[in-house]
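>>> A predicted structure for the sequence below; I have some questions about it.
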Amino acid sequence: MHTILGLLLFMLFASISLLHFYWLFGGQFGLAHALPTDAAGNRVINPNKFETALVSITLLAFAIFYLIKIGFLPYNLPQVILNYGGWLLSLIFISRAIGDFKYVGFFKKITATTFAKFDTKYFSYISLCIGVLAVLIELI
């Protein structure tokens, strides 16, 4: 079960990372729905190429972390990272699912925008799923 959950997290993180790399290199599919907007439709964040690259690489690092954690990629990470990294990732993604109480997450106040609808339907659930899977791997 540990291996299956780790591979599932690897695939989720790798897929999301690839999508961010796609946007980094000019892809437009889904981009209009992926960034939070205020009630008037103005983007709340406008990530530049460096920030998009940073997110892409970080998500890829999370994917690789789970390959290492389940033993599919032989690499000796410091034990503290192996012991607490998964807990940190679960905290990050469960927090993302809960949200900032304004633009993102299950408890957002702005709910009528295109992003908000996609966030409620997909993004928050994906974040919650990642967070719960990360907890399960730590507990198993």
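Perfect, I can see it now.
>>> what about Glu138, how many residues nearby?
16 (other C-beta atoms under 10 Å). Placement of C-beta: from N, CA and C, glycine included.
>>> out of the helices and strands in the protein, which is least certain?
Across the helices and strands of the chain, mean pLDDT, DSSP states H and E gives its lowest value to helix 31-34, namely a mean of 92.
>>> residues in contact with the nearest residue to Ile140 once chain neighbours are set aside?
Leaving out its chain neighbours, the residue that sits closest to Ile140 by C-beta to C-beta, 6 or more residues apart in numbering is His2, at 4.9 Å. Going by C-beta atoms under 8 Å, 6 or more residues apart in numbering, His2 touches Ile70, Ile137, Ile140.
>>> tell me which residues of the least confident helix or strand of the chain are tucked away?
Under the neighbour-count criterion of 16 or more other C-beta atoms under 10 Å, helix 31-34 has His33, Ala34 buried.
>>> immediately after that helix, which helix or strand?
For helix 31-34, the following helix or strand on the C-terminal side (DSSP states H and E) is helix 49-69.
>>> what is the rounded mean pLDDT of the helix or strand following that next one?
Using DSSP H and E, the helix or strand that follows helix 49-69 in sequence is helix 79-98. For helix 79-98, the mean pLDDT works out to 97.
>>> list the residues that contact Lys69.
Counting by C-beta under 8 Å, 6+ apart, Lys69 has contacts Gly6, Leu82, Gly85, Gly86, Ile137.
>>> Produce a PyMOL select command limited to the buried residues of those residues.
Remark: buried members of the contacts of Lys69, expressed as a PyMOL selection using 16+ other C-beta under 10 Å:
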select buried, resi 6+85+86+137
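>>> I'd like the contacts of Lys69 as CSV, with distance to Ile126 appended.
Shown next, in CSV, are those (distance: C-beta to C-beta, whole Å):
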residue, distance to Ile126
Gly6, 17
Leu82, 24
Gly85, 20
Gly86, 17
Ile137, 17
